[in-house]
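Visitor: Sequence and predicted structure below; questions after.
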Amino acid sequence: MKLEEVRKEIDQIDEQMLNLFLRRMDAAAQVARIKAQTGQPIYNQRREQEILDEVTKKAGAYAAPAKILFQTMMDVSRALQHNLLGGGKELREQIEHADAAPLRERVDAVIACPGTKGSFSSLAAKNLFPDSTLAFYPRFYDVFDAVKKGEATFGVVPVENSTAGSVEEVYDLLLKHRFFIAGEEMLPIDHCLCGVPGATLSSIRRIYSHPQGLNQCRGIIDACSAEAVACDNTAIAADLVAKERDPANAAICSAQAAQKNGLVILKKPAQDIGGNTTRFIVISRTLIIEPEADKISLSFSLPHVTGSLHRILSRFAACGLNLTKIESRPMENSRFEYLFYLDFTGSARAKDTLSLLCALSGDLPEFTFLGNYAARRESGETADI
Ligand SMILES: O=C(O)C(=O)Cc1ccccc1
């Protein structure tokens, strides 16, 4: 057979398959109606397993790809059924009625920031909320607590850095509180190594900073043969060094934190790798979706079944949504079970995306829609304090 002839045959098979697929979807829709009348759940694990076992038995050498094909068909059928039965109704209403007022215009908002004046988080907060009031809390934990108690409208916390990676503590707090993400900021981070007047690179014995700062500046810490001492925050480290007045102490912090405390800069930039950038998020108790929102965050857990993550990701890909970040964190009180945290490009207000989110909310254990917000590129600017 010539290539042209085989292609013709494939076209004919595809046409038949498409017709059969459409008939299968119509049948799945009828099942949804019957299940609604009889009050049966959409997901019937035993029946799905029986179908897969039968396919595997009959497909011979193609057992593995046939299983993927049938599993995917059952996934999309289930999504259709969830949508027909109004699954995820609450989520749909929440998204459709989300507050759309831009963050920058919320001048009455109080923004909880970790550390003290001059912390990198506060610089990110100033970029996001130029006219709002900042309130400082020592640790990330306290920022979440302030938002929970309503002391602050929003919180701004770092989630990942281009050199040091994810800030796991913040992911754990976010997944625990299930707050919404209302915005993000990409801040270029230029660390300063600084000490009290009179301190020099050779007088330094201890270097204080947040673990993220210490991890981003390993080279200079080793070059000074100094002890790395972890603090709650880079700006708190600068306050401490100024208070102790010991030329053996130094801090890794922002230029603003150094200046505020009258410290002298011994090395800038102090980080190991150029292009050092941290991504910060805005946490909120209420759902805010700004008009230009183009990034979606969500979390869920997955059953220990082969290919379960792949199956979910392929459903996002089918909607044209691109995965930009995935993180897995151990679940509290369950050994070796994980919560997955995902970021995608996309708008929750787009019809197909909203349908997918609603279907997943009925289908996945522990599903949480964490927000839809405007993705930031690097601004190249650090705010003044
Ligand atoms: O906000 C700060 O200053 C922190 O201590 C957290 C941090 C540390 C390093 C880079 C970005 C944020």
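Guide: Cool, got the structure. Every value quoted in this text rests on a predicted model; they were computed, and no experiment measured them.
Visitor: Burial check on residue 50, number of neighbours?
Guide: Close neighbours of residue 50, defined as other CB atoms under 10 Å, add up to 11. Just so you know, the C-beta spots here come from the backbone N, C-alpha and C atoms, and that holds for glycine as well.
Visitor: Next one, pLDDT for it please.
Guide: Looking at residue 50, its pLDDT reads 95.
Visitor: Contacts only, for it.
Guide: Shown in contact with residue 50 (CB atoms under 8 Å, 6 or more residues apart in numbering): no residues.
Visitor: So residue 150 sits against residue 285, correct?
Guide: Yes. When contacts are counted by CB atoms under 8 Å, residue 150 is listed as touching residue 285 (7.5 Å).
Visitor: shaky segments in the stretch 251-385 of the chain?
Guide: The stretch 251-385 of the chain contains residues with pLDDT under 70 at 305-306, 335-336, 378-385.
Visitor: Within range of the ligand, give me the residues from the chain.
Guide: By the rule CB under 6 Å from any ligand atom, the part of the chain lying against the ligand is 114-115, 119-121, 158, 161, 189, 210, 212-213, 233-235, 278.
Visitor: quick one: which of these is most hemmed in?
Guide: Of all those, residue 235 has the most neighbours under the rule other CB under 10 Å, reaching 32 neighbours.
Visitor: That one should be in a helix, yeah?
Guide: Yes. Checked against DSSP: H, G, I helix; E, B strand; the rest coil, residue 235 lies within a helix.
Visitor: can you tell me how far it sits from residue 12?
Guide: From residue 235 over to residue 12 the distance is 69 Å, taken as CB to CB, to the nearest Å.
Visitor: what's the answer for residue 260, then?
Guide: Noted for residue 260: a distance of 74 Å to residue 12, by CB to CB.
Visitor: In terms of neighbours, single out the busier of the two.
Guide: Shown here are residue 260 and residue 12; by other CB under 10 Å, residue 260 has more neighbours (18 against 10).
Visitor: ok, the closest residue to that one other than its chain neighbours - contacts?
Guide: If the residues on either side of it in the chain are set aside, residue 260 comes closest to residue 118, at 5.0 Å by CB to CB, 6 or more residues apart in numbering. Residue 118 makes contacts with 235, 238, 253, 254, 256, 257, 258, 259, 260, 385, as judged by CB under 8 Å, 6+ apart.
Visitor: In strands, which of those fall?
Guide: Under the assignment DSSP state E, those contribute residue 253 to strands.
Visitor: From residue 169, how far off is the residue in the stretch 251-385 of the chain that the ligand sits nearest to?
Guide: The ligand sits closest to residue 278 of the stretch 251-385 of the chain, with a gap of 4.1 Å, by CB to the nearest ligand atom. According to CB to CB, residue 278 and residue 169 sit 14 Å apart.
Visitor: next one: residue 221
Guide: Residue 221 is 21 Å from residue 169, where distance means CB to CB.
Visitor: For these two, indicate the residue with more neighbours.
Guide: For residue 221 and residue 169, the more surrounded residue by other CB under 10 Å is residue 221, and the numbers stand at 23 against 16.
Visitor: tell me which element the more buried one is part of?
Guide: Assigned by DSSP states H and E, residue 221 belongs to helix 218-223.
Visitor: chain center to that helix: distance?
Guide: Relative to the chain's own centre, helix 218-223 is displaced by 31 Å; criterion: CA atoms, centre = their mean, to the nearest Å.
Visitor: what packs against the helix of greatest length in the chain?
Guide: Assignment by DSSP state H gives helix 3-38 as the longest helix of the chain. Secondary-structure packing of helix 3-38 (3 or more CB pairs under 8 Å, 6 or more residues apart in numbering; DSSP states H and E): helix 63-84.
Visitor: May I ask you to confirm that the residue of the stretch 251-385 of the chain closest to the ligand belongs to a strand?
Guide: Yes. Assessed by three-state DSSP, residue 278 belongs to a strand.
Visitor: sorry, back to before: does the residue nearest to residue 260 count as helix, strand or coil?
Guide: Under the three-state scheme (three-state DSSP), residue 118 adopts coil.
Visitor: Pull out the CA atoms of stretch 59-78 and give them to me as CSV.
Guide: The C-alpha trace of stretch 59-78 is given here as CSV (Å, rounded to 0.1, in the frame of the first residue of the first chain):
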residue,chain,number,x,y,z
ALA,A,59,-6.2,-4.8,23.0
GLY,A,60,-3.2,-7.2,22.9
ALA,A,61,0.0,-5.4,21.9
TYR,A,62,-1.8,-2.0,22.2
ALA,A,63,-3.1,-2.6,25.7
ALA,A,64,-1.2,0.4,27.3
PRO,A,65,-2.2,3.1,24.7
ALA,A,66,-5.8,1.7,24.5
LYS,A,67,-6.0,2.1,28.3
ILE,A,68,-4.9,5.7,28.0
LEU,A,69,-7.5,6.4,25.3
PHE,A,70,-10.4,4.8,27.2
GLN,A,71,-9.4,6.4,30.5
THR,A,72,-9.3,9.8,28.7
MET,A,73,-12.8,9.1,27.2
MET,A,74,-14.2,8.3,30.6
ASP,A,75,-12.6,11.5,32.1
VAL,A,76,-14.2,13.7,29.5
SER,A,77,-17.5,11.9,29.9
ARG,A,78,-17.4,12.5,33.6
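Visitor: buried set for that stretch?
Guide: Residues of stretch 59-78 classed as buried: 66, 67, 70, 71, 72, 74, 75, 76, 77, 78 (neighbour count, 16 or more other CB atoms under 10 Å).
Visitor: next one: stretch 232-249
Guide: Neighbour-count burial for stretch 232-249, counted by 16+ other CB under 10 Å, picks out 232-239, 241-242, 246-247, 249.
Visitor: What segments of the stretch 151-300 of the chain are helices?
Guide: Taking DSSP state H, counting those that start in this stretch as the criterion, the stretch 151-300 of the chain contains helices spanning 168-177, 211-216, 218-223, 234-244, 255-260.
Visitor: what about residue 26, distance to residue 85?
Guide: Relative to residue 85, and taking CB to CB, residue 26 is found at 16 Å.
Visitor: returning to that earlier point: who's more crowded, residue 150 and residue 285?
Guide: A count of neighbours by other CB under 10 Å puts residue 285 above the other of residue 150 and residue 285, at 17 against 9.
Visitor: Having no further points to raise, I will conclude here.
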